[in-house]
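>>> Please work out how this folds:
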Amino acid sequence: MGRVSRRAFAAAAAAALSGLTMAGDAAAAPGVRGAPGPEPERAARELRGMWLATVSNRDWPSRPGLTAAQQRAELLAHLDTAVRRRLNAVILQVRPTADALWPSPFEPWSQYLTGVQGKAPGWDPLGTAVTEAHARGLELHAWFNPFRIANHTDPTRLVASHPARRHPDWVVAYGGKLYYNPGLPAVRAFVQDAMLDAVRRYRLDAVHWDDYFYPYPVAGQVFDDDATYAAHGAGFPDKAAWRRHNIDRLVLETAARIKQLRPTTRFGISPFGVWRNAATDARGSDTRAGVQTYDDLHADTRKWVREHWIDYICPQVYWNLGSAAADYAKLVPWWAKVAQGTGVRLYIGEALYKAGDPAQPAAWQDPAELSRHLTLAARYSQVRGHVFFSAKEVGADRIGAMARVVADHYRQPARPPR
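Residues are numbered from 1 along each chain as shown. I've put the predicted structure just below:
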């Protein structure tokens, strides 16, 4: 559907929840209107973001156990780097593993701060990030992972008060990790409450989810939700349809609750870049990816855009131009066509971390590869910005790929889209 007011959206979302269907929309989007380059107004209003990952101390803090002053100094340095690179948004991971980087009444303090899950760090990282980002003219998008509990399978390693220990029936071990079971209504309600506590407390510019819904497939292993399906799956043609319904409900319910709590806070999702291959579904992209979000993660990302359930989509188009599996030059126009006419902002997730990595294909050894991505994307009016993974590489810039993007495309500051 087209652009709607936030109040109307909340009402529409509530209505949709009462009659949520299992089938995606069948109509293909109309053609994409290409343009030779960004228009002046468009260039003045585009998202320029970076992800700031906290899981396993990927970007920040540099290691667990730093003092509060050291953690704060590192955080501010990342924000300053974003400003120096002429970015205007930081997507901070604040709930990496069913934990919190703010004083949450629902979940324990993250172990990535102090090294001990549940131990208070002596300051409020998310509150500080919001204040300091806004002081620098940056948007702060709070990045949550809905279902991941731990990157191991031992519940006894979780703090004794952890909800996963108090509700062991909510937990599924799979692929060497622990997850909340998305098929349980109590789980979906709890994870929403836990995430939305941050929306209630802070003036967030957006709630942001990444690509983890049902977990990525692991060869030889089964996500054991047979009993849950037997209890809750009546009326669905198969388990896959029921799983997609569960994720659809989570998206719709969260969207409606965000608008009720804080109407100015947007809701964005950054999925794996391939919805479905065209060989699987004629509406899919001309790709041959081994993972398809719709089929493997049970996330109908295309529908969320076409139905305007979310405010922005930021697909992780982490392939180079000319990639045989998934060509950047084919995926960007596919996503532009999906977004056209919906009112949903389209931003492209960029794999800065691959630039200069010797394990990556030759294209990623060229400092100009990412700049060429932005040049191509500028042909499509639906693309309203880019987000770079991730903060560590934005700062270190191994082969100068980020500096090339700034020199070619970010010579002047820009404000995020209205």
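>>> For stretch 220-234, list every residue counted as buried.
Residues 223, 225, 228-229, 232-233 are the ones in stretch 220-234 that count as buried (16 or more other C-beta atoms under 10 Å). Any C-beta I mention is one placed from the backbone N, CA and C, and that applies to glycine too.
>>> now those in CSV, with pLDDT, secondary structure and distance to R95?
Listed next are the buried residues of stretch 220-234 as CSV, based on pLDDT from 0 to 100; DSSP: H, G, I helix; E, B strand; the rest coil; distance: C-beta to C-beta, whole Å:
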residue, pLDDT, secondary structure, distance to R95
F223, 98, coil, 21
D225, 98, coil, 22
T228, 98, helix, 23
Y229, 98, helix, 27
H232, 98, helix, 25
G233, 97, coil, 28
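>>> what two of these are the furthest from one another?
F223 and H232 (14.9 Å; C-beta to C-beta).
>>> picking up where we left off before, from the buried residues of stretch 220-234, which is closest to P417?
Distance to P417, by C-beta to C-beta, is smallest for F223 among those, at 37.0 Å.
>>> Just give the closest residue to the closest one, not the sequence neighbours.
In space, F223 comes closest to Y174 once its chain neighbours are excluded; the distance is 4.9 Å by C-beta to C-beta, 6 or more residues apart in numbering.
>>> can you pull the contacts of that neighbour?
Listed by C-beta atoms under 8 Å, 6 or more residues apart in numbering, the contact set of Y174 reads 215, 218, 221-224.
>>> Check W51 too.
By C-beta under 8 Å, 6+ apart, the contact set of W51 is 59, 91, 93, 143, 387-391.
>>> repeat that for 6 Å
Neighbouring residues of W51 by C-beta atoms under 6 Å, 6 or more residues apart in numbering: 91, 389-390.
>>> now do H232
Contacts of H232 (C-beta under 6 Å, 6+ apart): G183.
>>> same question, the one 3 residues further on
Shown in contact with G235 (C-beta under 6 Å, 6+ apart): no residues.
>>> could we number from 445 for the rest of this?
Okay, using 445 as the starting number, the last item reads as G679.
>>> Can I take it that it is in a helix?
No. Read with DSSP: H, G, I helix; E, B strand; the rest coil, G679 is coil and lies in no helix.
>>> And the pLDDT for it?
G679 is assigned a predicted lDDT (pLDDT) of 96.
>>> and what of F453?
Note on F453: pLDDT of 41.
>>> How about R447?
Reported pLDDT at R447 in the predicted model: 36.
>>> Check P480 too.
pLDDT recorded at P480 is 36.
>>> just R486 next, same as before
Predicted confidence (pLDDT) for R486: 50.
>>> Check the one 10 residues further on too.
What the model reports as pLDDT for L496 is 99.
>>> for G493, same thing?
pLDDT recorded at G493 is 98.
>>> those strands in the stretch 645-794 of the chain, which residues are they?
Here the stretch 645-794 of the chain has its strands, by DSSP state E, counting those that start in this stretch, at 650-653, 710-713, 756-757, 789-794.
>>> Tabulate those strands (CSV), appending mean neighbour count.
Shown next, in CSV, are these (neighbours: other C-beta atoms under 10 Å):
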stretch, mean neighbour count
strand 650-653, 25
strand 710-713, 24
strand 756-757, 23
strand 789-794, 25
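>>> hey, what's W495 bridged with?
Taking DSSP bridges, one obtains I535 as the residues bridged to W495.
>>> Nearest residue to L584 in space, please, no chain neighbours.
Distances taken as C-beta to C-beta, 6+ apart put A577 closest to L584, at 4.1 Å, once the chain neighbours are dropped.
>>> Next, that neighbour: secondary structure please.
Under three-state DSSP, A577 falls in the helix class.
>>> does it really touch G571, like I thought?
No. Taking C-beta atoms under 6 Å as the definition, A577 is not a contact partner of G571, at 11.0 Å.
>>> With neighbour numbers in mind, choose between those two.
A577 (24 against 16; other C-beta atoms under 10 Å).
>>> list the buried ones in stretch 802-812?
Going by neighbour count (16+ other C-beta under 10 Å), the buried part of stretch 802-812 is 807-808, 810-812.
>>> Straight-line length of it, end to end?
End-to-end distance for stretch 802-812, by C-alpha to C-alpha, to the nearest Å: 16 Å.
>>> Kindly report the same for stretch 720-736.
Stretch 720-736 has an end-to-end distance of 5 Å (C-alpha to C-alpha).
>>> So what's the residue count around R859?
Each residue near R859 was counted by other C-beta under 10 Å, and the total is 13.
>>> Apart from its neighbours in sequence, what residue is nearest it?
Of all residues not flanking R859 in the chain, R489 sits nearest, at 5.7 Å (C-beta to C-beta, 6+ apart).
>>> wait, that neighbour sits on P857?
No. In this structure, R489 is not within contact of P857 by C-beta under 6 Å, at 11.4 Å.
>>> Which one of these two is surrounded by more residues?
Shown here are R489 and P857; by other C-beta under 10 Å, R489 has more neighbours (17 against 12).
>>> Tell me how far the more buried one lies from R828.
From R489 over to R828 the distance is 8 Å, taken as C-beta to C-beta, to the nearest Å.
>>> Quickly list what's touching both of those two.
By the contact definition C-beta under 6 Å, 6+ apart, R489 and R828 are jointly contacted by P861.
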